[in-house]
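Undergrad: Mind folding the following:
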Amino acid sequence: MTEVKRVMSIGAHSLDAELLGGPLMIKYAKAGAHVSCIHVTQGRLEDPNATEEQKKAYLEELLETNRKAAEDLGGDSKWLGYVSSSMPTEEVFAERLEKMFTEEKTDLVITHWRGSMHQRHIATYNAVTEAVKSMHRKGSNIKLVYGMTFEDLNAYVPQAYFVLTQAEVDQWFKALNEYRIFRGGVNDFPYQQYYPTNLKVKQIESGSDGPTVCYMYASVIENQLW
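TA: Okay, the predicted model is just below:
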């Protein structure tokens, strides 16, 4: 893992980047890599009666949560400045990502699989994949894998499995629990049950000897596994 020096996990919304790439970020950070959670959009306070001051405070709180979660994983975070209603075209989005990857000398990108229930997840998949494809055409060796979340499971095929130590599991869940939604404070999806259970499911599935996560290779880009 020491050959990878720059890792970016790119999620459409807050918490996505941490779910998708958290385990690999932890492992690469421990090996000396610079790792980052990249958040494409941020949520907004939906209360129609909310004041501008309340909306600003909500965003500031969310950005602070982003920072804390990334720090827990051993890295940093960046918001690309978009909200759901102001997403760019995929062409513009891909061009911006390619520029960022090139300037940052990114070695590995982790993002959404396209089989998602969310259009912004799909748009993020499309833009990231196109950016990496463009870089490959220009001779770059940048790598791309798709992480797994419960929202992106349509035709998702696990291909690479990574066993986590208990300390790594604890570190990952410390980051995830920075988010109120993960703690059950926003909706009733059982995050606290689903993701620990999935570690056990992937352990059984892969025949490994500990908590396990999985990733999918970007087969539309690479002609061999690495």
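Undergrad: Every contact and neighbour count from this point should use C-alpha atoms.
TA: Noted.
Undergrad: Contacts for the helix or strand bottoming out on mean pLDDT in the chain, please.
TA: Scoring the helices and strands of the chain by mean pLDDT, DSSP states H and E places helix 52-72 at the bottom, with a mean of 91. Residues outside helix 52-72 that contact it (Cα atoms under 8 Å, 6 or more residues apart in numbering): 14-15, 18, 36-37, 42-45, 76-77, 79, 171-172, 174-176, 178-179.
Undergrad: From the residues you listed, which land in strands?
TA: 36-37, 76-77, 79 (DSSP state E).
Undergrad: which among those gets closest to Tyr215?
TA: Closest approach to Tyr215 among the ones in strands among the contacts of helix 52-72 (Cα to Cα): Cys37, at 16.8 Å.
Undergrad: Just the element for the most far-flung residue of the chain relative to its centre, please.
TA: Here the chain reaches farthest from its C-alpha mean at Asn49, the gap being 32.2 Å by Cα atoms, centre = their mean. According to DSSP states H and E, Asn49 maps onto no helix or strand at all.
Undergrad: where along this protein do the helices fall?
TA: Ranges of helices within the chain are 16-30, 52-72, 90-104, 119-137, 166-176, 191-206, based on DSSP state H.
Undergrad: hmm, back to that, just put the ones in strands among the contacts of helix 52-72 in TSV and tack on distance to Tyr58 and neighbour count.
TA: Listed next are these as TSV, based on distance: Cα to Cα, whole Å; neighbours: other Cα atoms under 10 Å:
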residue	distance to Tyr58	neighbour count
Ser36	22	27
Cys37	20	31
Asp76	20	18
Ser77	17	23
Trp79	15	18
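Undergrad: Tally up the residues packed near the nearest residue to Thr106 once chain neighbours are set aside, please.
TA: By the measure of Cα to Cα, 6 or more residues apart in numbering, the closest residue to Thr106 outside its immediate chain neighbours is Arg6, 4.8 Å from it. The number of residues packed near Arg6 is 21, by other Cα atoms under 10 Å.
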